[in-house]
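Peer 1: sequence and predicted structure, then a few things I'm wondering about:
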Amino acid sequence: MHLQCSWPISGYLSLQTKRDGRDFIGPLAPPILVTPDNCVDISAFIRSGENAFSVVQQSDMSDYMFILHAHHPTPVQLSYLASYRKRHEEWVKITRAFCTSEPTESLWKRSQSRS
C-alpha cells in the first residue's frame, strides 16, 4: 500500500535528536528537503544501534498525521541517489581537470626558448 505524503508548509515542526553527542534540531515544517516521493528523509540522523528523537510542534498540526516508517529505499529514491552520484562524479572529474600539476620546467624558460 502506497500513500501520498504531504507536509505542512507553514508553522513550526522540528526533529530533535543527538548527533555526535550534541543536541541537534532540524526543521520538518516547512521541510528543507523532501524525497522524490514527497516524504522527509531523516536517515542522516539515524545511526547503527539505539536512536532517540522527538518531533516537536509549536503550532496547530491537527490536519496532519506524522508517521515514522523505516524501510529499504524505494525505486524512486534509488534512482535519485544514482543520478546524484553520477552528477557528483562528473563534477569531481571537472574539478580535477583544473587541478593538474605544474610543469616541471619553468614557464619562463619555455617562453624564452620559443623566441
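Peer 2: Everything's here; your move. Numbers count the residues shown, from 1 in each chain.

Peer 1: per-residue confidence at residue 111?
Peer 2: In the predicted model, residue 111 carries a pLDDT score of 57.

Peer 1: hang on, residue 96 in a strand?
Peer 2: No. Under DSSP: H, G, I helix; E, B strand; the rest coil, residue 96 sits outside any strand and is assigned helix.

Peer 1: what degree of burial does it show, as a neighbour count?
Peer 2: The local packing of residue 96 (other CB atoms under 10 Å) involves 9 other residues. For glycine as for every other residue, the C-beta is placed from the backbone atoms N, C-alpha and C.

Peer 1: what's the answer for residue 58, then?
Peer 2: Neighbours of residue 58 under the rule other CB under 10 Å: 10.

Peer 1: you'd agree it is up against residue 8?
Peer 2: No. With contact defined as CB atoms under 8 Å, residue 58 does not count as touching residue 8 (11.6 Å).

Peer 1: average pLDDT across stretch 71-87?
Peer 2: Average pLDDT, stretch 71-87: 86.

Peer 1: how near is residue 30 to residue 14?
Peer 2: Distance of residue 30 to residue 14, given as CB to CB, to the nearest Å: 11 Å.
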